[in-house]
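Engineer: Provided below for reference: sequence and predicted model.
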There are 2 protein chains.
Amino acid sequence: MTNVNKKQIRKVAEKAGVSVATVSRVLNNYPFVKDETRARVTDVIKKYNYSPSYFGRALSKKRSENICLVIPMNFSTDSQYFMDILRGMTEAIAVSSYNLLFPPVCSDEHFMQNVADKIDSAVFMAPPVNDKKISLLKEAGKPVVVINSRIEDAPRIDINNRKAVRKMMNYLIKLGHNKIGLIAGYLKSPNAAERLDEYKKTLYENNLQLKKEWVLNGDYETKKTYKKVRNLFSGGKEKPTALFACNDTMAISAIKALKDSKIRVPEDITVTGFDDIFIARYTSPSLTTIKQPFIDMGSKAVESAIALMNNKKLDSEEIILDTKLIVRQSSKEIK
Amino acid sequence: MTNVNKKQIRKVAEKAGVSVATVSRVLNNYPFVKDETRARVTDVIKKYNYSPSYFGRALSKKRSENICLVIPMNFSTDSQYFMDILRGMTEAIAVSSYNLLFPPVCSDEHFMQNVADKIDSAVFMAPPVNDKKISLLKEAGKPVVVINSRIEDAPRIDINNRKAVRKMMNYLIKLGHNKIGLIAGYLKSPNAAERLDEYKKTLYENNLQLKKEWVLNGDYETKKTYKKVRNLFSGGKEKPTALFACNDTMAISAIKALKDSKIRVPEDITVTGFDDIFIARYTSPSLTTIKQPFIDMGSKAVESAIALMNNKKLDSEEIILDTKLIVRQSSKEIK
DNA sequence: GCCATCCTTGAAACCGGTTACAAAAAAATC
DNA sequence: GATTTTTTTGTAACCGGTTTCAAGGATGGC
């Protein structure tokens, strides 16, 4: 009568007539196993369709093979670009034994107690500059990678925001616009602040006026943006001829506000976005925007995380990817 | 000289002057521990900021506390509604010790080898009717919940598609439309098929003509939809006065196609959608559509999964949530 | 005061792997 | 052929918890 409940690896060992150590060595591709022995063990493994227990392994190796994915607390459902990033991430782990772990929204202590243990590294999407979870994780020896933000001592996957803003501004100026407004993002995020700064710089360099009424604080929120745009375009104030929104959803919301104010886009005013989310090519008018390579960013972030958790050094602490100006219908030269 | 490397729980036990078993009992809220002992142990735990090792625990309990989230292989980045579902899911696990696990896209065997072990249950989003992973998981004793689909013996979170279609059709008919076209979804999905079927039924019941040229096979894809709509509205064929798209992105794409054909929405033709994705209220014109309660669906799915993995019985094998007709600008009564 | 019952605790086995160490076997050196 | 070196293997400890089982102590009934 065979013991059915025999711990798996011991059963394989028995059937193959070797010790559990040897089976383990075969499983881990340890080089000094005689070919003949290896073959025998492999056969048994195949025959019984054995695969090692994740937990047994993780416990002794102290490795989870999980990468944690942290998105900002206030991530709203309009963060459509997140789907692209996620796609890039899943591509980067395809066919690997790594998994992505989505933590619950919770306090920092809860996070450390219930998540930190389960992961080998983490990717943070656009975290605030002094995210406590990041420092706690690093204290615990878990590498962290950030996307679209900058955190001291954490590898960063990002775009060159200044260059991107400049591309758009130069394009608008070339179209003849000299009254350009900005719909800024959430200014506590370093990237949003940088975009605003570069907007100002470009205006200055081109001898264009910076009117602070034309800098709208959209905070990446559609509702807020809608209100501010309607407000700007009501009454007899002087109006810009182009509005550069720091993300696409704000641009779309702005267009809506303008239409509701009976102002035509692009005939009466040019509106441009930032991100190139999926829907940007299907809105009416379709959106002129700056494309961020989100899928790539997701892949690179995960690749970096994997390298770090395997104690490899990264070639570079910063991976800055290219952006691209995408011209569609929402922009037009000035008459 | 104290042994620093003492296994954690043993260290706590020693400091508290009890056995590891007792510490474990305290950790697991076992009732028959003397209050005084419990207090002593709790103090030590707090003092050393101890929290039990996830892997040690998982290994002996055979529980991972992870819920796997499977999205269809062909999920495209325009599946914006996924963000809402995800939000609902994270809400449902907030402050719990459960986590969401995102598997890599991979073969069924790979999935079983590298993911099945790590999870206690799984939620599948709109899986094809005979998804192999689902049956394998169930064989392995892991409960599965499906959203927006139907799989034998798996609890289902869904809407009443027939009712939803009927709501929209009745609305359109009340507006005076009697030439209504449908942009169907991916017909291998049971829900898409059901919507098509109910569309036909409603036409029949209202003595309206069913013209098969007016049933466009959009497959939930924007590009395909764009082409088919442009095609339908070129040449001298008879045209519908309303188009009912089975999701919002197809509706948005259809509107784009119509505009590019110089046909005005809603003045010349009514276009409606399905889902009520975030952007639907910001497109121009904003979209009349059927709201699916995605956030709710996500929460309910996770709640069901948690109940099942804790061996609780569900109140019901099917949770059918309400839909709502949202009237916006893209629909208009016929003159 | 004695016995049955219930509460409380600890020892040790168990979950299923990995790995340090040492010994045995094979190959290389002289 | 004896000695050294290199491969190959097994034993047993280890990772850090949970749980069964049995025993000791407290309580209640008579």
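Structural biologist: Nice, thanks for sending it over. Numbers count the residues shown, from 1 in each chain, chains lettered A, B, ... in the order given.

Engineer: near the residue nearest to residue A:19 when sequence neighbours are not counted, how many other residues are there?
Structural biologist: Spatial nearest neighbour of residue A:19, chain neighbours left out: residue A:13 (5.7 Å); criterion: CB to CB, 6 or more residues apart in numbering or on different chains. Any C-beta I mention is one placed from the backbone N, CA and C, and that applies to glycine too. Other residues near residue A:13 come to 20 when the count uses other CB atoms under 10 Å in any protein chain shown.

Engineer: and the pLDDT at residue A:315?
Structural biologist: As predicted, residue A:315 sits at a pLDDT of 92.

Engineer: ok, and the helix or strand in chain A with the lowest average confidence?
Structural biologist: helix A:81-93 (a mean of 90; mean pLDDT, DSSP states H and E).

Engineer: hmm, that one in reach of chain B?
Structural biologist: Yes. Counting by CB under 8 Å from any CB of the partner chain, contacts between helix A:81-93 and chain B involve A:82, A:83, A:84, A:86, A:87, A:89, A:90, A:91, A:93.

Engineer: ok, the fourth one - contacts?
Structural biologist: So that's residue A:86. Counting by CB atoms under 8 Å, 6 or more residues apart in numbering or on different chains, residue A:86 touches A:69, A:298, B:102.

Engineer: please apply the same query to the third one.
Structural biologist: By CB under 8 Å, 6+ apart, residue A:84 lies in contact with A:277, A:278, A:294, A:295, A:298, B:77.

Engineer: which strand or helix spans the residue nearest to residue A:19?
Structural biologist: Remark: residue A:13 resides in helix A:8-16, with elements defined by DSSP states H and E.

Engineer: helices and strands around that helix, which ones?
Structural biologist: Packing contacts for helix A:8-16, counted by 3 or more CB pairs under 8 Å, 6 or more residues apart in numbering or on different chains; DSSP states H and E, involve helix A:20-27, helix A:35-47.

Engineer: dump the first one to PDB, restricted to CA.
Structural biologist: Extracted as PDB, the C-alpha positions of helix A:20-27 are listed here (Å, rounded to 0.1, in the frame of the first residue of the first chain):
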ATOM      1  CA  VAL A  20      14.900  14.500  -2.900                       C
ATOM      2  CA  ALA A  21      18.000  16.700  -3.100                       C
ATOM      3  CA  THR A  22      18.700  15.200  -6.500                       C
ATOM      4  CA  VAL A  23      15.200  15.900  -7.700                       C
ATOM      5  CA  SER A  24      15.500  19.400  -6.500                       C
ATOM      6  CA  ARG A  25      18.800  19.800  -8.400                       C
ATOM      7  CA  VAL A  26      17.200  18.600 -11.600                       C
ATOM      8  CA  LEU A  27      14.300  21.100 -11.100                       C
END
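
Engineer: what lies in contact with it?
Structural biologist: Against helix A:20-27 from outside (CB under 8 Å, 6+ apart): A:9-10, A:12-13, A:16, A:30, A:32-33, A:37-38, A:41-42, A:45, A:52.

Engineer: state the pair within those residues that is farthest apart.
Structural biologist: The distance between the two most remote of the contacts of helix A:20-27 (CB to CB) is 21.6 Å, for A:10 and A:32.

Engineer: torsion angles phi and psi at the residue of the stretch 51-200 of chain A found nearest DNA strand D?
Structural biologist: Nearest residue of the stretch 51-200 of chain A to DNA strand D, counting by CB to the nearest atom of the strand: residue A:60, 3.5 Å away. Note on residue A:60: backbone dihedrals following degrees, to the nearest 10 are phi -80, psi -30.

Engineer: can you tell if the helix or strand harbouring residue A:307 touches DNA strand C?
Structural biologist: Using DSSP H and E, residue A:307 maps to helix A:294-309. No. Using CB under 7 Å from any atom of the strand, helix A:294-309 never reaches DNA strand C; the gap is at least 14.9 Å.

Engineer: list of residues touching that helix?
Structural biologist: A:67, A:81, A:84-89, A:91-93, A:96, A:98, A:100, A:120-123, A:142-143, A:145, A:147-148, A:155, A:157-159, A:275, A:313-314, A:319, A:321.

Engineer: kindly report the same for stretch A:178-186.
Structural biologist: If you take CB under 8 Å, 6+ apart as the criterion, stretch A:178-186 is touched by A:169, A:172-173, A:191-192, A:195-196, A:199, A:203, A:206, A:208-209, A:211, A:214-220, A:225, A:228-229, A:232, A:238-247, A:250-251, A:254.

Engineer: let's see which of those end up in strands.
Structural biologist: Cross-referencing the contacts of stretch A:178-186 against strands under DSSP state E gives A:215, A:216, A:217, A:242, A:243, A:244, A:245.

Engineer: circling back: what about residue A:10 and residue A:32, which has more around it?
Structural biologist: residue A:10 (13 against 5).

Engineer: check contacts around that one.
Structural biologist: Residue A:10 touches residue A:20, counting by CB under 8 Å, 6+ apart.

Engineer: how confident was the prediction at it?
Structural biologist: 94.

Engineer: mind checking how far it is from DNA strand C?
Structural biologist: In this view, residue A:10 and DNA strand C are 7 Å apart by CB to the nearest atom of the strand, to the nearest Å.

Engineer: just residue A:263 next, same as before
Structural biologist: Applying CB to the nearest atom of the strand to residue A:263 and DNA strand C gives a distance of 66 Å.

Engineer: which phi and psi does that residue have?
Structural biologist: Note on residue A:263: its backbone torsions stand at phi -110, psi 130 [degrees, to the nearest 10].

Engineer: ok, the one 10 residues further on next?
Structural biologist: Backbone dihedrals for residue A:273, given as degrees, to the nearest 10, come out at phi -120, psi -160.

Engineer: tell me the contacts of the residue nearest to it when sequence neighbours are not counted?
Structural biologist: Take residue A:273 and drop its neighbours on the chain: the residue closest to it by CB to CB, 6+ apart is residue A:251, 3.3 Å away. Contacts for residue A:251 (CB under 8 Å, 6+ apart) come out as A:183, A:243, A:245, A:271, A:272, A:273, A:274, A:287, A:289, A:330.
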